[in-house]
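# Curious how this folds, go ahead:
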Amino acid sequence: MKIDWAALGSVFGVSLVCTVALVGLFTLGIVGLSKQEQASAQGGSAALARTGAYACFALCAAAVTYGIYLIVA
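Numbering: from 1, shown residues only. Presented below is the predicted three-dimensional model:
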């Protein structure tokens, strides 16, 4: 049995980048929701924060769905 180390490193790198990106998007969504609550408490407009947060969560859901599609197909 021969291990293709270059392919293994490539898979590791892509997995690491995708994981960090997905966690970052989810974190931005949580931060957006917390900014929405702060803006509401201070009497400001919270629509932009809410929209950004929902967009981040939608991108996270799309990435997870695409990953499941790649595994199943």
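
# just so I have it, where are all the helices in the protein?
Counting by DSSP state H, residue ranges of the helices within the chain are 5-41, 47-72.

# would you list these in a markdown table and tack on mean neighbour count?
Glycine gets a C-beta too; all of them are placed from N, C-alpha and C. Formatted as a markdown table, the helices of the chain follow (neighbours: other Cβ atoms under 10 Å):
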| stretch | mean neighbour count |
| --- | --- |
| helix 5-41 | 13 |
| helix 47-72 | 13 |
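
# Make TSV from these and add mean pLDDT to it.
TSV is the format used below for those (pLDDT from 0 to 100):
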stretch	mean pLDDT
helix 5-41	91
helix 47-72	93
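
# For Asp4, give its distance to Ser10.
As judged by Cβ to Cβ, to the nearest Å, Asp4 and Ser10 stand 9 Å apart.

# Ala53 and Leu33 touch, don't they?
Yes. Using Cβ atoms under 8 Å, Ala53 is in contact with Leu33, at 4.7 Å.

# Look up how far Val17 lies from the closest residue to Gly32 other than its chain neighbours.
Closest residue in space to Gly32, ignoring its immediate chain neighbours: Ala53 at 3.0 Å, by Cβ to Cβ, 6 or more residues apart in numbering. The gap separating Ala53 from Val17 is 23 Å, by Cβ to Cβ.

# Likewise for Thr27?
Per Cβ to Cβ, Thr27 is found 16 Å from Val17.

# and what of Ala58?
Using Cβ to Cβ, one gets 20 Å for the distance from Ala58 to Val17.

# And the pLDDT at Gly44?
In this model, Gly44 is scored at 67, pLDDT.

# Show the contacting residues for Gly52.
With contact set as Cβ atoms under 8 Å, 6 or more residues apart in numbering, Gly52 has these partners: Leu28, Gly29, Gly32.

# Which residue is the nearest non-sequential neighbour of the first one?
Spatial nearest neighbour of Leu28, excluding adjacent residues (Cβ to Cβ, 6+ apart): Cys56 at 4.7 Å.
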